[in-house]
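[1] for reference, the sequence and a predicted model appear below.
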Amino acid sequence: MEDFESSAKNFEYYRAAQSTFRHPTEQWWFYCLAAHRRHAVSQFKLGNSYRRGTKPVTQDFVKAYTWYRLAEIGGMSPEVGDSSRPLRPWRSTLVGKMTADEIAEAESRALTWQPNPAECETIATKALN
């Protein structure tokens, strides 16, 4: 179980991303930071970003599936998802667009995933420059 300080930091990153006054790439960056701190809703949001291919990332179904799976592993109910949008249909939609090898790769990535917040900065900085 995460400690209070860690939980507060996750919420701080998530709330920063919620700000309507931020550039979309900055918003993504804060979601990414929270996701790498195992914030399930932020992981779900990154899954959406990769599924749609919204800036600063390109469409990548393997990464989208991986982030959705991480959100589920992190405690997000497959039946609830974000704002009453179930998680399971989003992942199921991807399955129809992926090969068996891609699904296996996404599952493997989710099960062996380790936080790497530097990845957030690299992607966001590249997009902002």
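    Noted; the coordinates are in hand. Numbering: from 1, shown residues only.
[2] next secondary structure after the lowest-mean-pLDDT helix or strand in the chain?
    Least confident helix or strand of the chain, by mean pLDDT, DSSP states H and E, is helix 4-18 with a mean of 59. Under the assignment DSSP states H and E, the closest C-terminal helix or strand after helix 4-18 is helix 24-35.
[3] how about the contacts made by Lys126?
    If you count contacts by CB atoms under 8 Å, 6 or more residues apart in numbering, Lys126 has them with Pro56. For glycine as for every other residue, the C-beta is placed from the backbone atoms N, C-alpha and C.
[4] that one - that's part of a helix, no?
    Yes - Lys126 sits within a helix when classified using DSSP: H, G, I helix; E, B strand; the rest coil.
[5] measure it to Glu102 for me?
    For Lys126, the distance to Glu102 equals 24 Å [CB to CB, to the nearest Å].
[6] and if you look at His23?
    For His23, the distance to Glu102 equals 31 Å [CB to CB].
[7] who's more crowded, those two?
    A side-by-side neighbour count of His23 and Glu102, using other CB atoms under 10 Å, places Glu102 first with 16 against 13.
[8] roughly how far does the more buried one sit from Tyr65?
    Applying CB to CB to Glu102 and Tyr65 gives a distance of 8 Å.
[9] give me the common contacts of the two.
    With contacts defined as CB under 8 Å, 6+ apart, no residue is adjacent to both Glu102 and Tyr65.
[10] where in this structure is pLDDT low?
    Low-confidence segments of the chain, defined by pLDDT under 70: 1-22, 77-88.
[11] and with 50 instead?
    Applying pLDDT under 50 to the chain flags the ranges 1, 4, 81, 83.
[12] so Val41 is in which element?
    Following DSSP H and E, one finds Val41 within helix 40-52.
[13] ah, wrong one, I meant Thr58
    Thr58 is part of no helix or strand when elements are defined by DSSP H and E.
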